[in-house]
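>>> give me coordinates for this.
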Amino acid sequence: MSEYRGITTGGGSGPERRGRRAAVTALAAAGAAGLVLAATAAPAQAAPAEHYVALGDSYTSGPGIPTQVDPACGRSDRNYPSVTAARLNVADFKDASCGGAVTAHMWQAQGANPPQLDALAKRTTLVTLGISGNDIGFGEIIGTCTLLSFTDPTGNPCERRYHASGTDELAARIDQVSARVDTVLDAIHERAPRARVLLVGYPVIAPDDGVGCRPSVQFADGDFAYVRDTEKRLNAMLGQVAAANRAQYVDTYTPTVGHDVCKPPADRWVEPLTPASPAAPFHPNERGEAAMAEAVLTQLAAPGRGR
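Now for the predicted structure:
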């Protein structure tokens with residue numbers, strides 16, 4: 001007695017045997033058809049390579065991190081866009097980020113560097129943007145909090161300074177810059193209509209628990225929490241603007257908690273006023289930029305996050 005996929009072909013009489021043979025014939029035909037379809041089906045296609053453009057300020061460009069490929073802009077070949085481009089094996093890559101950039105430099109030249117939006121094209125398929133820190137006066141805030149710490153080291157003189165008008169001046173600046181970031185996203189969509197756009201937030205700077213490390217970092221004890229809260233407000237604004245304008249927000253704060261300026265050199269990813277690793281003060285070092293790249297790659301790989 002022989003069998004074919006559980007169908008018995010031996011035994012039985014007349015009509016029963018003919019029915020079984022018919023079933024075997026039908027199964028064989030179906031199997032042959034399946035083999036033909038399998039042989040002629042198109043092979044799975046790999047995802048198309050990205051045409052990637054990076055825009056942004058010094059947290060994107062990576063000042064001080066070797067190797068500086070554009071010293072005037074403080075741009076490193078190990079910043080998070082460069083790491084992301086290498087990991088994605090992109091078809092082409094343009095990094096227009098530049099230290100000191102504000103939203104206006106998307107349209108205006110910055111020294112010898114052309115407007116950052118000029119790097120975009122219709123063929124661009126991926127854009128990362130990291131901007132707004134300089135618009136709210138990042139450098140000024142660090143300088144002010146450092147100088148005022150000597151007047152009241154255990155208090156919160158910096159917070160009091162920015163609340164002198166009765167409201168939080170830095171919160172107001174963040175609210176004002178949201179419209180500028182929104183306008184930048186509009187311009188990106190217009191110039192690169194096929195692009196997936198990621199708005200990248202800022203990594204942790206002050207300790208997330210608000211406990212400072214004076215005099216290693218010269219802020220007054222009570223101002224560490226104020227600096228932390230200001231950065232969180234800035235990141236929250238970026239997340240809201242991204243959601244409202246067909247962009248995806250990349251949270252680089254959460255994955256960098258525990259690696260702030262107060263941590264020992266081996267553990268920190270953002271350097272203090274006197275860096276122990278090659279980087280600009282109060283900016284990510286190479287490990288910080290790598291962590292930011294990982295956050296970007298995680299966002300790109302998230303299910304349901306297509307263009």
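>>> only C-alpha atoms from now on, for both contacts and neighbour counts.
Fine.
>>> what's the per-residue pLDDT of the residue nearest to Arg268 when sequence neighbours are not counted here?
Distances taken as Cα to Cα, 6 or more residues apart in numbering put His259 closest to Arg268, at 4.1 Å, once the chain neighbours are dropped. Reading off the confidence values, His259 has pLDDT 98.
>>> what is the burial count for His259?
25 (other Cα atoms under 10 Å).
>>> so it, which of the three states?
Assigned by DSSP: H, G, I helix; E, B strand; the rest coil, the conformation of His259 is coil.
>>> same check on the one 3 residues further on?
When states are read from three-state DSSP, the local structure at Cys262 comes out as coil.
>>> list the contacts for it?
By Cα atoms under 8 Å, 6 or more residues apart in numbering, Cys262 lies in contact with Ala206, Pro207, Gly212, Cys213, Ser216, Val217, Arg268, Pro272.
>>> which one of these has the most neighbours?
Comparing the contacts of Cys262 by number of neighbours (other Cα under 10 Å), Ala206 comes first, having 30 neighbours.
>>> wait, it touches Val261, no?
Yes. Distance between Ala206 and Val261: 6.1 Å, which falls inside the contact criterion (Cα atoms under 8 Å).
>>> sorry, back to before: so the residue nearest to Arg268 touches Pro272, yeah?
No. With contact defined as Cα under 8 Å, His259 does not count as touching Pro272 (11.5 Å).
>>> anything in contact with each of these two?
Here His259 and Pro272 have no joint contacts, going by Cα under 8 Å, 6+ apart.
>>> what's the distance between Ile142 and Val227?
Using Cα to Cα, to the nearest Å, Ile142 is found at 9 Å from Val227.
>>> looking at these two, which is more packed in?
For Ile142 versus Val227, neighbours defined as other Cα under 10 Å are more numerous around Val227 (23 against 17).
>>> quick check: closest non-adjacent residue to that one.
Val227 sits nearest to Ala206 (Cα to Cα, 6+ apart), 6.6 Å away.
>>> for Val257, same thing?
Nearest residue to Val257 in three dimensions, chain neighbours excluded: Val204, at 5.8 Å (Cα to Cα, 6+ apart).
>>> what sits against the one you found?
By Cα under 8 Å, 6+ apart, Val204 lies in contact with Arg228, Thr252, Tyr253, Thr254, Thr256, Val257, His259, Asp260, Val270.
>>> ok, now with 10 Å
Neighbouring residues of Val204 by Cα atoms under 10 Å, 6 or more residues apart in numbering: 228, 231-232, 252-261, 268-270, 283-284, 288.
>>> phi and psi next, for Leu198.
Torsion angles at Leu198 (phi, psi; degrees, to the nearest 10) stand at phi -120, psi 120.
>>> do I have it right that it meets Val296?
Yes. With contacts counted by Cα atoms under 10 Å, Leu198 reaches Val296, the gap being 7.9 Å.
>>> give me the common contacts of these two.
Residues touching both Leu198 and Val296 (Cα under 10 Å, 6+ apart): Thr128, Gln248, Tyr249, Val250.
>>> nearest to Asp223 among the residues you listed?
Of all those, Asp223 sits closest to Val250, with 26.4 Å by Cα to Cα.
>>> so how far is Gly56 from the nearest residue in space to that closest one that is not next to it in sequence?
Leaving aside its chain neighbours, Val250 sits nearest to Val200 (4.7 Å; criterion: Cα to Cα, 6+ apart). Distance, Val200 to Gly56, using Cα to Cα: 9 Å.
>>> quick one, strands of the stretch 101-250 of the chain?
Ranges of strands in the stretch 101-250 of the chain, per DSSP state E, counting those that start in this stretch, are 126-130, 196-200, 248-250.
>>> Gln240: which of these is closest?
Judged by Cα to Cα, the one of those that comes nearest to Gln240 is strand 248-250, at 8.3 Å.
>>> what are the buried residues along the very next helix or strand once past that closest one?
Heading C-terminal from strand 248-250, the first helix or strand you meet, by DSSP states H and E, is helix 286-301. For helix 286-301, burial by neighbour count (16 or more other Cα atoms under 10 Å) applies to 286-297, 299-300.
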